[in-house]
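Participant: with the input below, show me the fold.
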Amino acid sequence: MAKNNFDFNVKDGSDKPDVYDFSDLVDLSTLPPSSHKKVLSEEDEKEEKLQIMVSKAIKVVTIFVVIFALICGIGLLVTLVLPKIQGNKYVTVYNAGVEAYDSGDYAGAIDHFEEALTFKNTNNINERLYLYKCYMTTGNQEKAISTLVDLLEYDTYNLDAIKVIANYYYNNNKDAELEALIAKYVGTEAEATLSAYTLSHPTVSFESGEYQNALDILITTTTADASIYYTLDGSTPSKDSILFTDPVHLGNGTYVLKTALISSSGVVGPIAEYNYTINIPAPDAPEVLPESGTYKKDQQIEITNVAKDCICYYTIDGTVPDELSFVYTEPIDIPSGSTTFAAVIYNSEGVASEVVTREYER
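Facilitator: The predicted structure is shown next:
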């Protein structure tokens, strides 16, 4: 406020003071209260500042509380209300897909189930199973398999889906995809399911070679869910070949044994080939007593060297004995008159000895 310099002394010898013009003074009554500053002590000033700070702090806290309440309210809305709304819509769309599928409207079902897949809070397993059926029914096999591949992202060890995918890859010569699928499940519970597509050839109990005795060959495998088929004529094994159930018996002769594993899904494993030559020695010729000659009526013919695993056959009419002839079991009487006796021994593999003949007169 401007400083007013005025003099209260009497002038011109008059005992009355000059009238002072106060127009340049500020009328304090017209000013706002803040302009009326009290003269405060230092302590009062500190207290006033503290009160102002507290007031401001309360305002800030209040603002934060309001903001927090708004955030919580929005979170509650997102957490409880929106999922419920979304869930209700998902159920509606999914059920519409099921109804369309059951009624044979596969195109409509595909549309509904594809829409249901957009609801990310669902596991999306059933939708994909239905979509697989729809695509297969409508002849879109490639799309069906793609759907099952996606399914494995949600249901990693769905063995039925894994089987279908692997079989599709195998039948369509998608070797890289099949190998990747097999590698993905190595060491897991699904590895056995895919073992049919990693078939090795079965093993045999006797390797190729020449043998002087008969062979009973065992064919074995450690592969589950696969059967062993074989041939002995050199042809390629298939499901029309001999199914291995009992040891393969090889007697005297030459053989080409081919084996293969065939899985339950029809996958044929690599072919293994084995060659055998069986040369079984003939048994000793029969030792027939007595020698040829003329004998009395009480003389008998005896064969002394028939082994336990051999059979002796004989004739008394001069014909060559074979497995249809008389079986020698005990000494026989020399027939009356002239007799040509002939005998042969067969071992258990059907290999015959030399034929021995005797001429008798009685």
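Participant: what backbone torsions are found at the nearest residue to residue 345 once chain neighbours are set aside?
Facilitator: Distance criterion CB to CB, 6 or more residues apart in numbering; nearest residue to residue 345, sequence neighbours excluded, is residue 353 at 4.3 Å. Every residue, glycine included, has its C-beta placed from N, CA and C. Dihedral pair for residue 353: phi -80, psi -180, per degrees, to the nearest 10.
Participant: tell me the secondary structure for the residue lying closest to residue 130 once chain neighbours are set aside?
Facilitator: Closest residue to residue 130 apart from its sequence neighbours, by CB to CB, 6+ apart: residue 113 at 5.3 Å. Here residue 113 is recorded as helix under DSSP: H, G, I helix; E, B strand; the rest coil.
Participant: how many neighbours does residue 113 have?
Facilitator: 27 (other CB atoms under 10 Å).
Participant: mind naming the longest strand for this structure?
Facilitator: strand 253-263 (DSSP state E).
Participant: same question for the following helix or strand past that one: list its buried residues.
Facilitator: Following strand 253-263 in sequence order, the next helix or strand is strand 272-278 (DSSP states H and E). Under the neighbour-count criterion of 16 or more other CB atoms under 10 Å, strand 272-278 has 272, 274, 276, 278 buried.
Participant: picking up where we left off before, I figured the residue nearest to residue 345 hits residue 342, correct?
Facilitator: No: if you go by CB atoms under 8 Å, residue 353 and residue 342 don't touch, sitting 11.9 Å apart.
Participant: next one: the residue nearest to residue 345 from residue 286, what distance?
Facilitator: In this structure, residue 353 and residue 286 are 7 Å apart, going by CB to CB, to the nearest Å.
Participant: common neighbours of those two, please.
Facilitator: By CB atoms under 8 Å, 6 or more residues apart in numbering, residue 353 and residue 286 have these common neighbours: 344, 345.
Participant: neighbour count winner among these two?
Facilitator: For residue 353 and residue 286, the more surrounded residue by other CB under 10 Å is residue 286, and the numbers stand at 23 against 19.
Participant: tell me who's in contact with the more buried one.
Facilitator: Counting by CB under 8 Å, 6+ apart, residue 286 has contacts 303, 305, 306, 312, 343, 344, 345, 353, 356.
Participant: please pick the buried ones from the residues you listed.
Facilitator: 303, 306, 312, 343, 344, 345, 353, 356.
Participant: which of those residues fall in strands?
Facilitator: Going by DSSP E, the strands hold 303, 312, 343, 344, 345, 356 from the buried ones among the contacts of residue 286.
Participant: name whatever forms a beta bridge with the last one.
Facilitator: It refers to residue 356. Judged by DSSP bridges, the bridge partners of residue 356 are residue 343.
Participant: correct me, but it touches residue 342?
Facilitator: Yes: taking contacts as CB under 8 Å, residue 356 lies within contact range of residue 342: 7.1 Å.
Participant: residue 323 reaches residue 347, doesn't it?
Facilitator: No: between residue 323 and residue 347 no contact is recorded; they are 11.6 Å apart, counting by CB under 8 Å.
Participant: can I get the buried ones among the contacts of residue 286 in JSON lines with pLDDT and distance to residue 291?
Facilitator: Output for the buried ones among the contacts of residue 286, formatted as JSON lines (pLDDT from 0 to 100; distance: CB to CB, whole Å):
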{"residue": "303", "pLDDT": "97", "distance to residue 291": "13"}
{"residue": "306", "pLDDT": "96", "distance to residue 291": "18"}
{"residue": "312", "pLDDT": "98", "distance to residue 291": "18"}
{"residue": "343", "pLDDT": "98", "distance to residue 291": "13"}
{"residue": "344", "pLDDT": "98", "distance to residue 291": "18"}
{"residue": "345", "pLDDT": "97", "distance to residue 291": "18"}
{"residue": "353", "pLDDT": "96", "distance to residue 291": "18"}
{"residue": "356", "pLDDT": "97", "distance to residue 291": "11"}
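Participant: could I get those residues as TSV with distance to residue 165?
Facilitator: Below are those laid out as TSV (distance: CB to CB, whole Å):
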residue	distance to residue 165
303	70
306	65
312	65
343	69
344	64
345	63
353	63
356	71
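Participant: before we move on, back to that, and of the contacts of residue 286, the nearest to residue 234?
Facilitator: Ranked by distance to residue 234 (CB to CB), the contacts of residue 286 are led by residue 353 at 31.4 Å.
Participant: need the longest helix for this protein.
Facilitator: Using DSSP state H to define each element, the chain has its longest helix at helix 42-76.
Participant: packing partners for that helix?
Facilitator: Helix 42-76 is packed against no helix or strand, with contacts defined by 3 or more CB pairs under 8 Å, 6 or more residues apart in numbering; DSSP states H and E.
Participant: picking up where we left off before, quick one: list the elements packing against the longest strand of the chain.
Facilitator: strand 226-231, strand 272-278.
Participant: tilt between it and strand 226-231?
Facilitator: 150 degrees (axes from the mean of the first three to the mean of the last three CA atoms, to 10 degrees).
Participant: any idea how far residue 90 is from residue 106?
Facilitator: Separation of residue 90 from residue 106 (CB to CB) stands at 21 Å.
Participant: one more: residue 204?
Facilitator: From residue 204 across to residue 106, the span is 51 Å (CB to CB).
Participant: who touches stretch 303-323?
Facilitator: Contacts for stretch 303-323 (CB under 8 Å, 6+ apart): 283-284, 286-289, 324-328, 335, 339-348, 350, 352, 355.
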